[in-house]
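Novice: just coords:
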């Protein structure tokens, strides 16, 4: 058995759409769906954090640094 990584998307009707490589023959295949960065509870944490902190992340008072602050990590640039 050979595994091939294919990126696709699931639409609102729960149909998977993807394009298979041309060298893959027509026929039934077994699909394994890998969901993005979930924790043990099944939460996609970057999305959850961005939603929970959206007000704080959008508040300009939270901007502690500007491009003029500090020194470049690579001073030769």
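Specialist: Ah, there it is. Remember, predicted model here, so these are calculated numbers, not experimental data. Residues are numbered from 1 along each chain as shown.
Novice: Helices along this protein, start to end?
Specialist: 45-52, 54-57 (DSSP state H).
Novice: Extract the residue ranges of this structure that are flagged as low pLDDT.
Specialist: Within the chain, the ranges that satisfy pLDDT under 70 run 35-48, 50, 70-77.
Novice: what about 80?
Specialist: 1-2, 33-77 (pLDDT under 80).
Novice: ok, which stretches of it are strands?
Specialist: For the chain, the strands defined by DSSP state E occupy 8-10, 16-18.
Novice: What helices and strands are in contact with the last one?
Specialist: In this case it means strand 16-18. Strand 16-18 is packed against strand 8-10, with contacts defined by 3 or more C-beta pairs under 8 Å, 6 or more residues apart in numbering; DSSP states H and E. (Glycine included, C-beta is placed from N, CA and C.)
Novice: neighbours around residue 57, how many?
Specialist: Look at residue 57: counted by other C-beta atoms under 10 Å, it has 10 neighbours.
Novice: I'd like the distance between it and residue 69.
Specialist: Residue 57 is 19 Å from residue 69, where distance means C-beta to C-beta, to the nearest Å.
Novice: And for residue 53?
Specialist: Using C-beta to C-beta, residue 53 is found at 22 Å from residue 69.
Novice: what's the answer for residue 13, then?
Specialist: Taken as C-beta to C-beta, the span from residue 13 to residue 69 is 49 Å.
Novice: related to what we said a few turns ago, ok, which of the strands of the chain comes nearest residue 31?
Specialist: Ranking the strands of the chain by distance to residue 31, with C-beta to C-beta as the measure, places strand 16-18 first at 7.0 Å.
Novice: Please identify the pairing partners of that closest one and their relative orientation?
Specialist: strand 8-10 (antiparallel) (DSSP bridges).
Novice: what comes up buried for the partner strand?
Specialist: For strand 8-10, a neighbour-count test (16 or more other C-beta atoms under 10 Å) marks nothing as buried.
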